[in-house]
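Engineer: Below is the sequence, then the predicted model.
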Amino acid sequence: MTSTSSPSTKALSKIACNRLQKELAEWQVNPPFGFKHKISDNLQRWIIEVAGAPGTLYVSETYQLQVDFPEHYPMEAPQVIFLQPAPLHPHIYSNGHICLDILYDSWSPAMTVSSVCISILSMLSSSTVKQRPPDNDRYVRNCQNGRSPKETRWWFHDDKV
(Lines give C-alpha, C1' and ligand atoms only; values in the text may rest on other atoms or scores of the structure.)
Protein backbone atom coordinates (compact mmCIF):
# COMPACT_ATOMS: atom_id res chain seq x y z
CA MET A 1 0.00 0.00 0.00
CA THR A 2 1.38 3.44 -0.74
CA SER A 3 0.84 6.74 0.93
CA THR A 4 -0.82 9.81 -0.46
CA SER A 5 1.93 11.91 1.13
CA SER A 6 4.88 12.18 -1.18
CA PRO A 7 8.11 14.01 -0.57
CA SER A 8 10.09 15.94 -3.13
CA THR A 9 10.99 13.67 -6.03
CA LYS A 10 14.46 15.16 -6.56
CA ALA A 11 17.22 12.60 -6.92
CA LEU A 12 19.40 11.90 -3.93
CA SER A 13 22.71 13.75 -3.68
CA LYS A 14 25.93 11.76 -3.79
CA ILE A 15 26.33 12.30 -0.03
CA ALA A 16 22.79 10.98 0.58
CA CYS A 17 23.38 7.92 -1.63
CA ASN A 18 26.64 7.09 0.11
CA ARG A 19 25.10 7.53 3.56
CA LEU A 20 22.04 5.41 2.73
CA GLN A 21 24.15 2.63 1.22
CA LYS A 22 26.24 2.60 4.40
CA GLU A 23 23.12 2.54 6.61
CA LEU A 24 21.55 -0.24 4.53
CA ALA A 25 24.73 -2.34 4.75
CA GLU A 26 24.81 -1.84 8.54
CA TRP A 27 21.09 -2.70 8.77
CA GLN A 28 21.64 -5.97 6.89
CA VAL A 29 24.38 -6.97 9.35
CA ASN A 30 22.72 -5.64 12.52
CA PRO A 31 19.03 -4.74 12.11
CA PRO A 32 17.30 -3.11 15.07
CA PHE A 33 15.29 -5.67 17.08
CA GLY A 34 11.67 -5.88 15.93
CA PHE A 35 12.23 -4.37 12.46
CA LYS A 36 12.56 -5.81 8.95
CA HIS A 37 13.50 -3.81 5.87
CA LYS A 38 11.56 -4.92 2.82
CA ILE A 39 14.17 -5.22 0.10
CA SER A 40 13.61 -3.14 -3.03
CA ASP A 41 15.72 -1.40 -5.62
CA ASN A 42 14.57 2.04 -4.47
CA LEU A 43 17.16 3.58 -2.17
CA GLN A 44 15.04 6.73 -1.78
CA ARG A 45 12.02 4.93 -0.23
CA TRP A 46 12.30 2.21 2.38
CA ILE A 47 9.41 0.11 3.63
CA ILE A 48 10.09 -1.21 7.12
CA GLU A 49 8.01 -3.73 9.02
CA VAL A 50 7.57 -2.98 12.73
CA ALA A 51 6.65 -5.69 15.24
CA GLY A 52 5.01 -4.61 18.49
CA ALA A 53 7.30 -5.22 21.44
CA PRO A 54 6.54 -7.98 23.96
CA GLY A 55 4.77 -6.75 27.08
CA THR A 56 3.21 -3.73 25.36
CA LEU A 57 -0.23 -2.86 24.02
CA TYR A 58 1.09 -3.66 20.52
CA VAL A 59 2.50 -7.14 21.19
CA SER A 60 1.95 -9.50 18.23
CA GLU A 61 0.81 -6.59 16.01
CA THR A 62 2.73 -5.67 12.88
CA TYR A 63 2.80 -2.34 11.06
CA GLN A 64 4.67 -0.83 8.14
CA LEU A 65 6.65 2.38 8.06
CA GLN A 66 7.36 4.20 4.83
CA VAL A 67 10.61 6.19 4.96
CA ASP A 68 11.19 8.69 2.15
CA PHE A 69 14.62 10.28 1.96
CA PRO A 70 15.04 13.86 0.75
CA GLU A 71 17.71 14.95 -1.69
CA HIS A 72 19.94 16.27 1.10
CA TYR A 73 19.67 13.44 3.62
CA PRO A 74 21.10 13.31 6.33
CA MET A 75 21.20 17.10 6.61
CA GLU A 76 17.41 17.00 6.22
CA ALA A 77 15.17 14.52 8.06
CA PRO A 78 13.46 11.74 6.15
CA GLN A 79 9.67 11.72 5.95
CA VAL A 80 8.44 8.79 8.05
CA ILE A 81 4.81 7.68 8.11
CA PHE A 82 2.88 4.55 8.96
CA LEU A 83 1.17 2.85 6.05
CA GLN A 84 -2.45 1.85 6.57
CA PRO A 85 -3.60 0.66 8.96
CA ALA A 86 -1.67 2.95 11.29
CA PRO A 87 -1.49 1.89 14.94
CA LEU A 88 -3.93 3.45 17.40
CA HIS A 89 -1.68 5.77 19.42
CA PRO A 90 -2.04 9.27 20.92
CA HIS A 91 0.76 10.55 18.64
CA ILE A 92 -0.12 8.72 15.42
CA TYR A 93 -2.84 10.06 13.16
CA SER A 94 -5.13 7.77 11.18
CA ASN A 95 -3.42 8.89 7.95
CA GLY A 96 -0.11 7.54 9.31
CA HIS A 97 1.48 10.87 10.24
CA ILE A 98 3.61 10.67 13.38
CA CYS A 99 3.99 13.48 15.90
CA LEU A 100 7.57 12.82 17.06
CA ASP A 101 10.04 15.68 17.44
CA ILE A 102 13.08 13.85 16.01
CA LEU A 103 11.30 13.63 12.65
CA TYR A 104 11.05 17.42 12.49
CA ASP A 105 12.47 20.09 14.84
CA SER A 106 14.90 17.83 16.72
CA TRP A 107 16.36 16.01 13.71
CA SER A 108 20.14 15.65 13.70
CA PRO A 109 22.35 14.35 10.86
CA ALA A 110 23.86 11.99 13.44
CA MET A 111 20.57 10.08 13.51
CA THR A 112 20.07 7.03 11.34
CA VAL A 113 17.11 5.02 10.10
CA SER A 114 17.85 2.54 12.88
CA SER A 115 17.80 5.20 15.59
CA VAL A 116 14.53 6.62 14.21
CA CYS A 117 12.98 3.13 14.23
CA ILE A 118 14.08 2.54 17.82
CA SER A 119 12.55 5.89 18.85
CA ILE A 120 9.26 5.01 17.14
CA LEU A 121 9.17 1.59 18.81
CA SER A 122 9.92 3.24 22.16
CA MET A 123 7.07 5.69 21.59
CA LEU A 124 4.71 2.81 20.79
CA SER A 125 5.92 0.73 23.73
CA SER A 126 5.44 3.47 26.31
CA SER A 127 1.79 4.08 25.42
CA THR A 128 -0.78 3.14 28.05
CA VAL A 129 -3.82 3.67 25.79
CA LYS A 130 -4.76 2.82 22.24
CA GLN A 131 -6.43 5.93 20.90
CA ARG A 132 -6.04 8.56 18.21
CA PRO A 133 -4.84 12.09 18.97
CA PRO A 134 -7.75 14.33 20.09
CA ASP A 135 -7.46 16.43 16.91
CA ASN A 136 -7.21 13.44 14.53
CA ASP A 137 -10.31 14.13 12.42
CA ARG A 138 -9.50 17.82 11.90
CA TYR A 139 -5.84 17.13 11.15
CA VAL A 140 -6.56 14.34 8.66
CA ARG A 141 -9.19 16.49 6.92
CA ASN A 142 -6.58 19.25 6.51
CA CYS A 143 -4.16 16.76 4.94
CA GLN A 144 -6.55 15.39 2.32
CA ASN A 145 -4.68 16.84 -0.65
CA GLY A 146 -1.56 14.78 0.00
CA ARG A 147 0.05 17.18 2.44
CA SER A 148 3.31 15.92 3.87
CA PRO A 149 3.68 15.73 7.66
CA LYS A 150 6.81 17.84 7.19
CA GLU A 151 4.50 20.74 6.20
CA THR A 152 2.81 20.61 9.61
CA ARG A 153 3.76 22.96 12.41
CA TRP A 154 3.86 20.36 15.16
CA TRP A 155 3.43 21.26 18.80
CA PHE A 156 5.53 18.91 20.93
CA HIS A 157 4.04 19.20 24.40
CA ASP A 158 3.43 15.66 25.61
CA ASP A 159 6.42 13.49 26.44
CA LYS A 160 4.45 10.88 28.43
CA VAL A 161 3.79 8.59 25.43
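Structural biologist: Done, it's in. Keep in mind that this is a model prediction, so the values were computed, not measured. Residues are numbered from 1 along each chain as shown.
Engineer: what about the helices in this protein?
Structural biologist: Applying DSSP state H to the chain gives helices spanning 14-29, 113-125, 136-142.
Engineer: Averaged pLDDT, the last one. What do you get?
Structural biologist: So the one you mean is helix 136-142. Helix 136-142 carries an average pLDDT of 87.
Engineer: low-confidence ranges in this structure?
Structural biologist: Scanning the chain for pLDDT under 70 picks out 1-9, 145-146, 149-161.
Engineer: follow-up on the earlier one: most tightly packed of the helices of the chain?
Structural biologist: Mean neighbour count (mean count of other C-beta atoms under 10 Å) peaks for helix 113-125 among the helices of the chain, with a mean of 19. In short, each C-beta sits where N, CA and C put it, glycine included.
Engineer: for stretch 31-39, how far is the first residue from the last?
Structural biologist: One end of stretch 31-39 to the other measures 13 Å (C-alpha to C-alpha, to the nearest Å).
Engineer: Run through who's touching that stretch.
Structural biologist: 24, 27-28, 46-53, 64, 114, 117-118, 121 (C-beta atoms under 8 Å, 6 or more residues apart in numbering).
Engineer: can you give me the strands for the chain?
Structural biologist: Assigned by DSSP state E, the chain shows strands spanning 35-38, 45-51, 62-68, 79-82.
Engineer: and the gap between the spatially closest residue to residue 71 that is not a sequence neighbour and residue 70?
Structural biologist: In space, and not counting its chain neighbours, residue 71 is closest to residue 10: 4.2 Å by C-beta to C-beta, 6 or more residues apart in numbering. Going from residue 10 to residue 70 by C-beta to C-beta, to the nearest Å gives 8 Å.
Engineer: more crowded one of those two?
Structural biologist: residue 70 (19 against 10; other C-beta atoms under 10 Å).
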